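Trainee: What follows is a predicted structure for the sequence shown.
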Amino acid sequence: MSEPWEDRSRLGFEAYMSTPNMVIVLDDQRRIGAINPSGEGLTGLTYEQVVGRHLSVLLADGTAEEGLARIERAAAGEVAEIDVAFTSPWGEGSQPPGQVVVGIGVAPLFLDGEPAGLVLSGRDVEDRHRLEHELGELESGLRALAEASELGIYRFAFAPEFRVEHVNRAFADAIGIPAEQLRRDASPLSDGLEPDVRQRFIDNRFGPGPELWPIEFEWQRPDGEVVVLSVEEVCVRDRERRIVAVLGIGRDVTQDRRREASMIRALQHERQAADGLRQVDQLRRLFLQAVSHELRTPLTTVLGFAGTLAGHAERLPRERVAHLSGRILSQAVRIERLLDDLLDVERLSRGVLTLRCERHDLGAVVAEVVEDLADGGVELAVAPAEVDIDRGKIERVVVNLITNARRHAGRNARILVTVGPDADGATLVVEDDGPGVPDELKDAVFEPFAQGPASRGDPSPGTGIGLTLVAEFVRMHGGTVRIEDGDLGGARFVLYLPRRSPR
């Protein structure tokens, strides 16, 4: 086309008259055939001033050659939308005076099926450039802020595939993987999660249910150290509400959790100590009550009988004097045994109680103890059994077991004591026909100051240390003691003593 176009209708130009975009029609020589009102307003030149003139008349000074080259590349399909500087009386903002940068698209023009030129369509992109510049500065500022933050900050993209777009130094340090490595290969982030933790992330990001943040989990770093991470995320969605990326904040809370665990342990220890102190205080009261009762009863008897002898001995028959003297002696022996128990408990607490073992026939020792007790309700079934024992302590064991049976089974209860050799030692069994020991108390009765229910006919609660000494004396001999349900219907205490004494 060698002459300018005069017939706009032939160009279909009426369609471009009201568009807000600048529209310019060029012939095959790149002369201006038409320009719409938006183009006139943008360039400050009228239709009559530019039609028939080369496009360079509209291009900003010093940019015409480069602008024409860009348009030709766009016309050839080498590039998409391009930016070209046009003349304008409105140059402002970041643009030099007298020019405006226009983002244009280039399309071929056909008349009667033949190539006739080009159609340029564009708009002022100053606002876009300013926005891009502001966004660039904002992004740079946010990246600088993220790098300086002590919190781990990241951005993961999911379109078209999972990839790491940004990871700050704090997050890379927390997980122990450099940011450059993650940008090349993001698989360690997924592979390093336990299956249940990975599923929680998937559910929070893509699941139909509510998001439950933060997610706290253990992470093993490449150096083998295990840390506890706490992560919260915000999803970035496109216009169709599809998740295209997530922004996340992660914190290493390992030290926080260790401090919390330490505080919990300290609190538990404090509670246990408080419970222990309350228990000790309660045991102390029970022990003092029991000991005062155990001492008061024989002391009352001793004082009463001694007073009778002191005031009336010359008038009392000899048999009565002998009886009173015997009762005083038996009660004194009872007090002596109680004091011995108390002293031995104290020695055990300090670890200074020792054994003096010699070879004895356990059956004979037990028979002598039962005879000295003069308790007609005790039955004996003993056989010779040679063992190394501290005779005094084993005698105390037998006395404490029989006294315990009498206290809890009753004064008229049947008590059976048996002794016999074992494969590598001897067995001593004391059982009664009383109510027995409940299963929940079978271990507790050997603890200091623990007391089971006394029989109805026995007003003495005991001190709660007799069975403790039984267990400790047997243990010191290298033996064992246990409680069973006896054949007589009550409790059965079974003791095993090895033949040779421990070192």
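Mentor: Done, it's in. Residues are numbered from 1 along each chain as shown.

Trainee: how close does the residue nearest to the spatial centre of the chain get to residue 192?
Mentor: Of all residues in the chain, the one closest to the mean position by C-alpha atoms, centre = their mean is residue 257, 7.2 Å from it. Remark: distance between residue 257 and residue 192 (C-beta to C-beta, to the nearest Å) = 19 Å. For glycine as for every other residue, the C-beta is placed from the backbone atoms N, C-alpha and C.

Trainee: Residue 83 too?
Mentor: If you measure residue 83 against residue 192 using C-beta to C-beta, the figure is 45 Å.

Trainee: more neighbours, those two?
Mentor: Ranked by neighbour count (other C-beta atoms under 10 Å), residue 83 and residue 192 place residue 192 first, with 17 against 14.

Trainee: which non-adjacent residue is nearest the more buried one?
Mentor: residue 219 (6.3 Å; C-beta to C-beta, 6 or more residues apart in numbering).

Trainee: What strands flank whichever strand or helix holds that neighbour, and is each parallel or antiparallel?
Mentor: Element membership for residue 219, per DSSP states H and E: strand 215-220. With DSSP bridges as the test, strand 215-220 is paired with strand 226-237 (antiparallel).

Trainee: So residue 135: helix, strand or coil?
Mentor: Put simply, residue 135 is helix when judged by DSSP: H, G, I helix; E, B strand; the rest coil.

Trainee: which residues does it contact?
Mentor: Going by C-beta atoms under 8 Å, 6 or more residues apart in numbering, residue 135 touches no other residue.

Trainee: residue ranges of the helices in the stretch 151-300 of the chain, please?
Mentor: 169-175, 179-184, 187-191, 195-206, 254-312 (DSSP state H, counting those that start in this stretch).

Trainee: which one of these lies closest to residue 105?
Mentor: helix 179-184 (34.0 Å; C-beta to C-beta).

Trainee: Show the average pLDDT along that closest one.
Mentor: For helix 179-184, mean pLDDT is 94.

Trainee: any residues touching it, and which ones?
Mentor: Helix 179-184 is contacted from outside by 163-165, 167-169, 172, 188-189, using C-beta under 8 Å, 6+ apart.

Trainee: Please repeat the previous calculation with a cut-off of 10 Å.
Mentor: Residues from elsewhere that reach helix 179-184, judged by C-beta atoms under 10 Å, 6 or more residues apart in numbering: 147, 154, 156, 163-169, 171-173, 175, 178, 188-189, 222.

Trainee: Likewise for stretch 305-319?
Mentor: 320-329, 331.

Trainee: Which of these sits closest to residue 471?
Mentor: Nearest to residue 471 among the contacts of stretch 305-319: residue 331, at 27.2 Å, using C-beta to C-beta.

Trainee: quick one on the thing from earlier: could you identify the buried members of the contacts of stretch 305-319?
Mentor: Using 16 or more other C-beta atoms under 10 Å as the burial test, these include 324, 327-328, 331 as buried.

Trainee: Between these, which has the least confident prediction?
Mentor: Lowest pLDDT among the buried ones among the contacts of stretch 305-319: residue 331, 79.

Trainee: Now name the helix or strand holding that residue.
Mentor: helix 318-350.

Trainee: could you check the angle helix 254-312 makes with that helix?
Mentor: Calculated by axes from the mean of the first three to the mean of the last three C-alpha atoms, to 10 degrees, helix 318-350 forms an angle of 160 degrees with helix 254-312.

Trainee: let's number from 10 now, not from 1
Mentor: Happy to do that; since the first residue is 10 now, the last one works out to helix 327-359.

Trainee: going on from helix 327-359, what's the next piece of helix or strand?
Mentor: Next along from helix 327-359, by DSSP H and E: strand 367-370.

Trainee: Now do the buried residues in that following strand.
Mentor: Quick answer for strand 367-370 (16+ other C-beta under 10 Å): 369-370.

Trainee: Which strands or helices does that strand pack on?
Mentor: strand 395-398, helix 400-418 (3 or more C-beta pairs under 10 Å, 6 or more residues apart in numbering; DSSP states H and E).

Trainee: Take those and write them to a markdown table, including mean neighbour count.
Mentor: As requested, the helices and strands packed on strand 367-370 are exported to a markdown table (neighbours: other C-beta atoms under 10 Å):
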| stretch | mean neighbour count |
| --- | --- |
| strand 395-398 | 21 |
| helix 400-418 | 21 |
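
Trainee: Residue 372 falls within a helix, correct?
Mentor: Yes. Under three-state DSSP, residue 372 sits within a helix.

Trainee: which ones are touching it?
Mentor: Contacts of residue 372 (C-beta under 10 Å, 6+ apart): 389-396, 426-430, 435, 437.

Trainee: do that again at 6 Å, thanks
Mentor: Residues near residue 372 by C-beta atoms under 6 Å, 6 or more residues apart in numbering: 391-394, 428.

Trainee: Show me how to select, in PyMOL, the buried members of the residues you listed.
Mentor: PyMOL command restricting the contacts of residue 372 to the buried ones, with burial defined by 16+ other C-beta under 10 Å:
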select buried, resi 391+394+428
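
Trainee: From the contacts of helix 188-193, list just the buried residues.
Mentor: Those of the contacts of helix 188-193 that meet the buried threshold are 163, 165, 172-173, 175-178, 180-181, 184, 198, by 16+ other C-beta under 10 Å.

Trainee: wait, residue 45 sits on residue 27?
Mentor: No. Between residue 45 and residue 27 no contact is recorded; they are 8.4 Å apart, counting by C-beta atoms under 6 Å.

Trainee: Kindly reformat the helices and strands packed on strand 367-370 as CSV containing mean pLDDT.
Mentor: Listed next are the helices and strands packed on strand 367-370 as CSV, based on pLDDT from 0 to 100:
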stretch, mean pLDDT
strand 395-398, 94
helix 400-418, 88
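
Trainee: closest to residue 77 out of these?
Mentor: Here helix 400-418 is closest among the helices and strands packed on strand 367-370 (C-beta to C-beta), at 116.8 Å.

Trainee: Taking helix 327-359 as reference, get the angle to the closest one.
Mentor: Going by the same axes, to 10 degrees, helix 400-418 makes 110 degrees with helix 327-359.

Trainee: chain center to the helix or strand that comes right after helix 400-418, what's the gap?
Mentor: Per DSSP H and E, the first helix or strand lying C-terminal to helix 400-418 is strand 424-431. How far strand 424-431 lies from its chain's middle: 54 Å, per C-alpha atoms, centre = their mean, to the nearest Å.

Trainee: per-residue confidence averaged over stretch 164-178?
Mentor: Average pLDDT, stretch 164-178: 91.

Trainee: my guess is residue 83 contacts residue 115, does it?
Mentor: Yes. If you go by C-beta under 6 Å, residue 83 and residue 115 touch, sitting 3.9 Å apart.

Trainee: quick one: which of the two has more around it?
Mentor: Legend: neighbour count by other C-beta under 10 Å for residue 83 and residue 115, higher for residue 115 (23 against 20).

Trainee: per-residue confidence at that one?
Mentor: On the pLDDT scale, residue 115 is placed at 93.

Trainee: tell me the contacts of it?
Mentor: Residue 115 neighbours (C-beta under 6 Å, 6+ apart): 80, 83-84, 127, 129.
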